[in-house]
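Trainee: Predicted model and sequence follow; I will ask about them next.
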Amino acid sequence: MSGDDEGTGVEHDLRAQKEIIVRRGTIDLLDDEILALIRRRREVSAEIQAIRISAGGSRIATRREHVVVSRYTAVLGSRGAELAAVILRISRQGSGAAR
Ligand SMILES: O=C(O)C(=O)C[C@]1(C(=O)O)C=C[C@@H](O)C=C1
């Protein structure tokens with residue numbers, strides 16, 4: 001490229017591809033963090049469930065689940081509710097499942 005030439009379509013395409021690749025690297029790092037957080041959450045959740053079960057309670061705490069879903073919904077709307085439902089399902093599986 002020279003002067004104020006903005007480049008050919010191919011050059012734009014290459015630049016766009018490079019920018020996408022860099023950002024995909026960032027997304028991969030973010031997904032690594034999200035997955036590590038979900039695993040950690042599942043472990044802590046399993047601890048709570050074990051404590052409750054040994055104290056004679058049940059695995060599920062429905063009112064608490066509503067609080068969790070509400071928090072996700074407040075930030076992300078109805079998709080947040082769906083995400084919370086999936087995360088709760090994963091958390092109920094216990095830390096031994098789906099490693
Ligand atoms: O907070 C609790 O009491 C939990 O057991 C944790 C948790 C959760 O993963 O958020 C899991 C199961 C319950 O039904 C409610 C919430």
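Mentor: Done, it's in.

Trainee: in terms of contact count, name the helices or strands touching the strand or helix carrying Ile51.
Mentor: Assessed by DSSP states H and E, Ile51 sits inside helix 9-54. Contacts defined by 3 or more C-beta pairs under 8 Å, 6 or more residues apart in numbering; DSSP states H and E place helix 9-54 against helix 78-92. Backbone N, C-alpha and C define where each C-beta goes, glycine included.

Trainee: Check the average confidence over the helix holding Ile51, would you?
Mentor: Across helix 9-54, pLDDT averages out at 96.

Trainee: quick check, the helix or strand that that helix is followed by touching the ligand?
Mentor: Counting by DSSP H and E, the element after helix 9-54 in chain order, helix or strand, is helix 62-76. Yes: on the criterion C-beta under 6 Å from any ligand atom, helix 62-76 is in touch with the ligand at Arg64, Glu65, Val68.

Trainee: any idea of the mean pLDDT in helix 62-76?
Mentor: 98.

Trainee: In contact with the most centrally placed residue in the chain: list those residues for me.
Mentor: Closest to where the C-alpha atoms of the chain average out (C-alpha atoms, centre = their mean) is Ile34, at 4.6 Å. With C-beta atoms under 8 Å, 6 or more residues apart in numbering as the criterion, no residue contacts Ile34.

Trainee: For the chain, which residues are neighbours of the ligand?
Mentor: Counting by C-beta under 6 Å from any ligand atom, the chain sits next to the ligand at Ser45, Ile48, Gln49, Ile60, Ala61, Arg64, Glu65, Val68, Leu88, Ser91, Arg92.

Trainee: pretty sure the last one is touching Ile53, no?
Mentor: No: the pair Arg92 and Ile53 fails to qualify as a contact (C-beta atoms under 8 Å) at a distance of 11.9 Å.

Trainee: who has more neighbours, the two?
Mentor: Arg92 (15 against 11; other C-beta atoms under 10 Å).

Trainee: Next up, the contacts around the more buried one.
Mentor: Here Arg92 is in contact with Ser45, Gln49, Arg59, Ile60 (criterion: C-beta under 8 Å, 6+ apart).
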